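Peer 1: The amino acid sequence is not available; the structure is as follows:
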């Protein structure tokens, strides 16, 4: 399990089972589960893991069948992204319904790409929404560069955090690929997913270990 704790609540946007949406968050979990994971209450499960780690306040959580010890970290201009990449069943976002049903029947816990991103400046809500699109486009770009015919998997999740707002500081209004921080986020996300996919496609590639616990100031 990877755990991030913030010294102060950060403004974040998330899509995981626990703590999804936009709001203040004080911690994040990305936890490995078995490929046959079948719990129907992942939010409760993540809450139990948070209690075990004595995590207080509002937080967020993601689950993956990938061993999170094999996470990949990439940085760009102060932005950093941590990706756990699994590609058991990659899919196009616009796949027909029968393809999605086939994936669910074959494997109840399909491969997942989870992203954690940190942007060291305050962002507006609109900029955070734009940042999600930007990171997702970069993820799809990385898969395309590997020749993977997919935009991701059916269970991808992400968490994008921005620095807490400071009095007198105007939050960044944009998070798209040609904005300064969106461009850095996109490059870091592309690098992390590209490397994670490379390791998934070639298990012989050396793994860079990521510590299971870190703090962000």
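Peer 2: Good, I have the coordinates. These figures come from a predicted structure and were not determined experimentally.

Peer 1: From here on, just use CA atoms for contacts and neighbour counts.
Peer 2: Noted.

Peer 1: my guess is residue 71 meets residue 82, correct?
Peer 2: Yes: using C-alpha atoms under 8 Å, residue 71 makes contact with residue 82 at a distance of 6.4 Å.

Peer 1: ok, now how distant is the nearest residue to residue 140 once chain neighbours are set aside from residue 143?
Peer 2: Leaving aside its chain neighbours, residue 140 sits nearest to residue 151 (4.6 Å; criterion: C-alpha to C-alpha, 6 or more residues apart in numbering). According to C-alpha to C-alpha, to the nearest Å, residue 151 stands 7 Å off from residue 143.

Peer 1: Now for residue 42: which residues touch it?
Peer 2: Counting by C-alpha atoms under 8 Å, 6 or more residues apart in numbering, residue 42 makes contact with 17-18, 63.

Peer 1: now, which of those residues sits nearest residue 40?
Peer 2: Among the contacts of residue 42, residue 17 lies closest to residue 40 (C-alpha to C-alpha), at 10.5 Å.

Peer 1: Tell me if residue 139 really is in a helix.
Peer 2: Yes: under DSSP: H, G, I helix; E, B strand; the rest coil, residue 139 sits within a helix.

Peer 1: which ones are touching it?
Peer 2: Per C-alpha under 8 Å, 6+ apart, neighbours of residue 139: 151-152, 189-190, 193-194.

Peer 1: okay, it: pLDDT?
Peer 2: The model reports residue 139 with a pLDDT of 97.

Peer 1: Same question for residue 104.
Peer 2: For residue 104, the predicted pLDDT is 45.

Peer 1: Please name the nearest non-neighbouring residue to residue 24.
Peer 2: Spatial nearest neighbour of residue 24, excluding adjacent residues (C-alpha to C-alpha, 6+ apart): residue 11 at 4.7 Å.

Peer 1: List the buried residues in the helix or strand harbouring that neighbour.
Peer 2: Assigned by DSSP states H and E, residue 11 falls within strand 2-14. Residues of strand 2-14 classed as buried by neighbour count (16 or more other C-alpha atoms under 10 Å): 2-6, 9-14.

Peer 1: same question, stretch 19-30
Peer 2: Buried residues in stretch 19-30, counting neighbours by 16+ other C-alpha under 10 Å, are found at 19-20, 22-30.
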